[in-house]
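Visitor: Test case, fold it:
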Amino acid sequence: MMSWANSSSPSPSLSLTTTTTTSRGAPVTPAMAAGSRFFPKSSTATNILSPTFASQINSGDPVRASVAHLLVRACTLPCSTAAQAFSQLVQPTARFQLALDALLPVLNSSVELAQRILVSFILYSMYAPYPISLNPFKSALYATFVKERGCCTEFAAEGGFSENEQLVWVLWKILKGDGNDIGPYTPSTLSRSPLLPELRASNLFLEEESLLGPDPTEAGIPDLTQRGTTQQARVLDLKGASAGQSSTAATEPQISPEEDERNERIAHGMKLLLAARDRTLTLTEQRILTPLIPNLTSPPVITSMDLPPIVAHNPNIAYQLVLALLTSNPLNAQPQGPSAYIDALKQLPPTLPSFDLLVRLLQDTTTLTDSATGGKTTVADVVHVEVLGRFIHESIKWLENAEREEREGLISDDRFAKGVQNLCRFYASLIRLSVVDTTSDADTTEMVHFTLRNARFEEANALYRILASGRF
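Guide: Okay, the predicted model is just below:
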């Protein structure tokens, strides 16, 4: 039986047993009937191919064809599994454009309800680690929610029941920020789930709608339909899609021009920050992004997993970003707070960008608050105590693995030799800056053994002599 955690879910009377269903329309193509690891072969090989899907399958682009097959055949898989399949089929740099071209048209098309639910969840899941307000597809999801809710309410007023009631509920959950609750269930199951009366489309509203006029439950059905159209247009206005149109009192924008300009700058900054994971930003882009970093870290636009590639491509941006992340909240304040990014620093590879970032952080005297003790500390102290020792340990392990792979013929570059030289230079600079005490066995023992073992390198030999002179 389906067990839902709260009242924001369909009736608990529905069984979760998922069976392969047949859809209305034409038989599937031979390629679809053959099945794959994502889409098991169905014994009843009938399904619908809308013109959108048919054109994508026959477009000659194997990725678009695979996504079209996904939308047709994955409705009996959990939404989270289908979203994961989409991420595996499409390269990260191509996902946004493909979603615009292949997924967004399906959202408002006449394909099966389960496919529209699946597309809604995929558009949500692409940016699930971030707040829903930062999802670039939020406006499209919101416009569809308002439009379909208005249609469903008209059906209900006439004593009928629209087949899109479940889609409205799914969009409501996503726009509320509860999209992960939908992940374990299949689009087919969600499309057939009976809804409790209080979860009918006419009863579903979002907090942001309180700014858009009177409560729709107090208005007549024609007023609600017109209101839905007004809301949809207003969302598009915020994205610049209907610029230049005159506004009446009922459609007066809810944000000032200054706020709109600020939001546009932040949206551009978010785009640059996400791009910083994949390429080196230009100087102009860095100048645009740097002053916006405090706005993009409270709440954070990126996760701790995004930090290593940003360090690799943009160490200057990474320094400003880490500084803002560490100072935005008290240390250890939450599981995904500053402590998560501190853990990410410990696992950085021994490369020049990583060493540059650590040296700058180890000299930064910005004040931090420790939520556990309520006391004050600095960025330099936190990185020294919590990061430096583990970073050195992980760097040595990384170099030992590189040496073994080089010996076994698995790699042919000089990453091991360069890594040893750079790590020794990094550690020598810490000694010069008085960050490391050469008389402390706790600080230097591991590096003494490492430099002695690799004394054939000039940098390691020189560092060993410095460390040995401080110990004896």
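
Visitor: Count the neighbours of the closest residue to residue 447 other than its chain neighbours for me.
Guide: Take residue 447 and drop its neighbours on the chain: the residue closest to it by CB to CB, 6 or more residues apart in numbering is residue 427, 5.7 Å away. C-betas here are computed from N, CA, C, even on glycine. By other CB atoms under 10 Å, the residues close to residue 427 number 24.

Visitor: how about low-confidence regions in the stretch 151-300 of the chain?
Guide: Scanning the stretch 151-300 of the chain for pLDDT under 70 picks out 208-255.

Visitor: tell me, how many neighbours does residue 442 end up with?
Guide: Using other CB under 10 Å as the criterion, the residues surrounding residue 442 number 8.

Visitor: Let me see the ranges of the strands in the stretch 1-150 of the chain.
Guide: For the stretch 1-150 of the chain, applying DSSP state E, counting those that start in this stretch gives no strands.

Visitor: pLDDT weak spots in it?
Guide: 1-60.

Visitor: Break down it into its helices, ranges please.
Guide: With DSSP state H, counting those that start in this stretch as the criterion, the stretch 1-150 of the chain has helices at 30-33, 51-57, 62-73, 79-89, 92-98, 104-107, 113-125, 138-157.

Visitor: Quick one: closest of those to residue 408.
Guide: Residue 408 lies closest, by CB to CB, to one member of the helices of the stretch 1-150 of the chain: helix 79-89, at 29.7 Å.

Visitor: Tell me what angle the closest one forms with helix 113-125.
Guide: 70 degrees (axes from the mean of the first three to the mean of the last three CA atoms, to 10 degrees).

Visitor: which residues touch helix 79-89?
Guide: Residues outside helix 79-89 that contact it (CB atoms under 8 Å, 6 or more residues apart in numbering) are 38, 63, 66-67, 70, 74-75, 77, 95, 117-118, 121-122, 125-126, 182-187, 190.

Visitor: what do you get if the cut-off is 7 Å, keeping everything else the same?
Guide: The set of residues external to helix 79-89 that reach it, using CB atoms under 7 Å, 6 or more residues apart in numbering, is 38, 63, 66-67, 70, 74, 118, 121-122, 125, 182-187.

Visitor: Might one say that the residue nearest to residue 447 is in contact with residue 446?
Guide: No: Residue 427 is not in contact with residue 446 according to CB atoms under 7 Å; the separation is 10.3 Å.

Visitor: what separates the closest residue to residue 278 other than its chain neighbours from residue 465, distance-wise?
Guide: With sequence-adjacent residues excluded and distances taken as CB to CB, 6+ apart, residue 278 is closest to residue 93, at 6.4 Å. Separation of residue 93 from residue 465 (CB to CB, to the nearest Å) stands at 48 Å.

Visitor: cool, residue 147 as well?
Guide: With distances taken as CB to CB, residue 147 is found 74 Å from residue 465.

Visitor: When these two are compared, which one has more neighbours?
Guide: Neighbour count, other CB under 10 Å: between residue 147 and residue 465, residue 147 has more, with 18 against 12.

Visitor: Would you map the helices across the stretch 351-472 of the chain?
Guide: 352-362, 379-382, 389-407, 415-432, 441-453, 458-471.

Visitor: Just the CA coordinates for the last one, please, in CSV.
Guide: Right, helix 458-471. Once non-C-alpha atoms are left out, helix 458-471 reads as follows in CSV (Å, rounded to 0.1, in the frame of the first residue of the first chain):
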residue,chain,number,x,y,z
GLU,A,458,65.8,18.3,-5.4
GLU,A,459,62.8,20.0,-3.8
ALA,A,460,62.2,17.0,-1.5
ASN,A,461,65.9,16.8,-0.5
ALA,A,462,66.0,20.5,0.3
LEU,A,463,62.8,20.3,2.4
TYR,A,464,64.1,17.2,4.3
ARG,A,465,67.2,19.1,5.3
ILE,A,466,65.1,22.0,6.6
LEU,A,467,62.8,19.6,8.6
ALA,A,468,65.8,17.6,9.9
SER,A,469,67.6,20.7,11.1
GLY,A,470,64.5,21.7,13.1
ARG,A,471,64.2,18.3,14.8
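
Visitor: Now it: buried residues?
Guide: In terms of neighbour count (16 or more other CB atoms under 10 Å), helix 458-471 has its buried residues at 459-460, 463-464, 466-467, 470.

Visitor: What of the second one?
Guide: Residues of helix 379-382 classed as buried by neighbour count (16+ other CB under 10 Å): 379-380, 382.

Visitor: next one: stretch 343-354
Guide: By neighbour count on 16+ other CB under 10 Å, the buried set for stretch 343-354 is 344-346, 348-351, 353-354.

Visitor: now stretch 158-175
Guide: Across stretch 158-175, burial judged by 16+ other CB under 10 Å covers 162, 164-175.

Visitor: So which of these belong to helices?
Guide: When DSSP state H defines the helices, the subset of the buried residues of stretch 158-175 inside them is 165-175.

Visitor: can I assume residue 279 sits in a helix?
Guide: No: following the definition DSSP: H, G, I helix; E, B strand; the rest coil, residue 279 is coil and is not counted among the residues of a helix.

Visitor: Number of residues surrounding residue 131?
Guide: Counted with other CB under 10 Å, residues neighbouring residue 131 total 12.

Visitor: surely it meets residue 300?
Guide: No: with contact defined as CB under 7 Å, residue 131 does not reach residue 300; the gap is 9.3 Å.

Visitor: Save the helices of the stretch 1-150 of the chain as a markdown table, and put in distance to residue 284 too.
Guide: Putting the helices of the stretch 1-150 of the chain into a markdown table (distance: least, CB to CB, whole Å) gives the following:
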| stretch | distance to residue 284 |
| --- | --- |
| helix 30-33 | 46 |
| helix 51-57 | 37 |
| helix 62-73 | 32 |
| helix 79-89 | 31 |
| helix 92-98 | 21 |
| helix 104-107 | 30 |
| helix 113-125 | 31 |
| helix 138-157 | 28 |
